[in-house]
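Colleague: Model the structure of this input:
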Amino acid sequence: MTARVVPLGRAPQQDATWLGLDLGGTKVALRAETEDGGLVREHLFRWRGRSLESDLAQLAAEVSLFRRQIPGGFAGVGVALPATVGGDGLITSWPNRPEWLGLDVPQTLHALFGDTPVRWADDGDLGALAEARAANCDDVLYVGVGTGVGGGLVAGGALVPGLYRGSFEIGHLVTDADGPMCRCGRRGCLQATASGPATLARAARLRGAEVDYDDLQKGLIADEEWAVQSVDRSCHRLAVAITGVRELLHPSLVVVGGGFAEGLPSFTENVARHMATLARSGVPAPLVKSSLIGGLSTLHGAVVLARLMRA
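Modeller: Numbering: from 1, shown residues only. Modelled structure (predicted):
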C-alpha cells in the first residue's frame with residue numbers, strides 16, 4: 001500500500017500537536033504529541049461491531065471525543081492502515097475487516113478531520129520506522145504479530161521500498177506452500193500460520209477445546225504441551241520468513257512486536273532460537289529483540305508520519 005497525502009495545508013506552528021491513528025483489525029489507538037515530543041494524550045478502543053456503518057460511526061465518535069480534549073486541534077494526522085489501498089484511494093483488500101472493501105480512504109479521512117492535513121501508510125512500515133528511531137539503528141526489520149502479521153524494513157535509515165512505492169508485506173511471504181489458506185486467498189502465507197488467530201486455532205486443535213488469549217498465556221506459564229507447541233510452531237514460521245529476508249537484505253536488528261507477541265512469555269526468544277538453528281555457516285543470524293516501544297509501535301509510527309508533513 002502506498003502512502004497518500006490529503007492535503008498538505010499550512011505549515012505547523014511551533015506549539016503544534018500531532019495525531020497518530022492506528023486502525024487495527026480488532027482495535028484502534030490514538031496518540032497526540034506536542035511539537036517537542038511530549039505526550040498530550042493516548043486512547044485505545046475496540047471495534048464493537050462487524051459492519052462498515054458501525055465502524056465508521058464508532059470511529060467518528062471516538063475521534064470527535066478525543067479531539068475535544070486537545071486544545072487547538074491538530075497540525076497534522078498520520079494514519080496507520082493494514083489495508084491495501086489502490087491508486088484511486090479505494091481499499092482493495094483488508095482480510096481482517098472485509099467490510100471496508102471499496103471504502104474511499106481520502107473521502108473518509110476528510111470527513112473525520114476536515115481540512116487538517118492527513119497522510120496514511122502501511123502499519124508495518126510505520127512500525128519499522130518507529131522501532132528504528134527508538135533503537136537508533138539504520139537497518140531494522142520489524143515484524144508485528146497481532147490479528148495479522150505485518151512488518152517493515154528500514155535500510156540505511158530509509159523505509160524499503162519506501163512510503164510512496166508500496167509496503168513491505170512480510171505477512172504474505174509463503175512459508176509453507178501446502179499450508180493453510182490465508183484470508184488473502186493464497187495458501188501458506190506467514191500470516192495464515194503465525195498470526196494471533198492462527199496460533200489460537202492451532203492451540204485449540206492440540207488441546208481439543210476452545211482457547212482464548214488468556215488460556216494461551218496461562219498454558220505457556222504452566223508449560224502445557226498444547227500451548228508450548230502451538231506457539232513454537234508460529235515462532236518457527238516467523239523465523240523462516242525472517243531468515244529469508246536476512247539472506248536478501250541483511251538487517252542488523254530484528255524487532256518482534258505486536259499486541260499478540262508482546263504478552264506471551266519468551267515469544268521473541270523462541271523466534272531467535274529458531275533463527276539461530278536456521279542460520280547457515282558464515283551468515284550468522286541478526287540480533288533479535290522485543291519491541292522497544294511495546295504493542296503500539298505502529299501508533300508511534302503514525303505520529304512520526306504526521307510529523308513528516310513539516311518537510
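
Colleague: Could you list the low-pLDDT ranges of the stretch 201-311 of the chain?
Modeller: Along the stretch 201-311 of the chain, the parts satisfying pLDDT under 70 run over 311.

Colleague: can you map out the strands along it?
Modeller: Secondary structure of the stretch 201-311 of the chain, counting by DSSP state E, counting those that start in this stretch: strands at 253-257, 287-290.

Colleague: Kindly tell me how buried the residue nearest to residue 179 when sequence neighbours are not counted is, as a neighbour count.
Modeller: Of all residues not flanking residue 179 in the chain, residue 188 sits nearest, at 3.6 Å (C-beta to C-beta, 6 or more residues apart in numbering). (C-beta placed from N, C-alpha, C; glycine too.) Counted with other C-beta atoms under 10 Å, residues neighbouring residue 188 total 19.

Colleague: gap between the residue nearest to residue 267 when sequence neighbours are not counted and residue 57?
Modeller: In this structure, residue 267 finds its nearest non-sequential neighbour in residue 261, 4.7 Å apart by C-beta to C-beta, 6+ apart. Counting by C-beta to C-beta, to the nearest Å, the gap from residue 261 to residue 57 is 31 Å.

Colleague: do residue 221 as well
Modeller: 39 Å.

Colleague: do residue 113 as well
Modeller: 16 Å.

Colleague: Comparing these two, which residue is more hemmed in?
Modeller: Neighbours were counted for residue 113 and for residue 57 using other C-beta under 10 Å; residue 113 has more, 20 against 13.

Colleague: Check which helices and strands the helix or strand where residue 143 lies sits against.
Modeller: Following DSSP states H and E, one finds residue 143 within strand 140-145. Packing partners of strand 140-145 (3 or more C-beta pairs under 8 Å, 6 or more residues apart in numbering; DSSP states H and E): helix 123-135, strand 149-155, helix 225-249, strand 253-257, helix 259-262, helix 297-307.

Colleague: That one - which strands sit beside it in the sheet, and in what orientation?
Modeller: strand 149-155 (antiparallel), strand 253-257 (parallel) (DSSP bridges).

Colleague: Could you report the neighbour count for residue 177?
Modeller: 8.

Colleague: so what's the closest residue to it other than its chain neighbours up against?
Modeller: In space, and not counting its chain neighbours, residue 177 is closest to residue 188: 5.0 Å by C-beta to C-beta, 6+ apart. By C-beta atoms under 8 Å, 6 or more residues apart in numbering, residue 188 lies in contact with 174-180, 182.

Colleague: how close does residue 67 sit to residue 22?
Modeller: The gap separating residue 67 from residue 22 is 16 Å, by C-beta to C-beta.

Colleague: Rebuild the strands of the stretch 201-311 of the chain as JSON lines, extending it with distance to residue 244 and mean neighbour count.
Modeller: Output for the strands of the stretch 201-311 of the chain, formatted as JSON lines (distance: least, C-beta to C-beta, whole Å; neighbours: other C-beta atoms under 10 Å):
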{"stretch": "strand 253-257", "distance to residue 244": "12", "mean neighbour count": "26"}
{"stretch": "strand 287-290", "distance to residue 244": "15", "mean neighbour count": "17"}
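
Colleague: Can you verify my assumption that residue 107 contacts residue 89?
Modeller: Yes: judged on C-beta atoms under 8 Å, residue 107 makes contact with residue 89 at a distance of 7.5 Å.

Colleague: ok, the two, which is more surrounded?
Modeller: Shown here are residue 107 and residue 89; by other C-beta under 10 Å, residue 89 has more neighbours (16 against 12).
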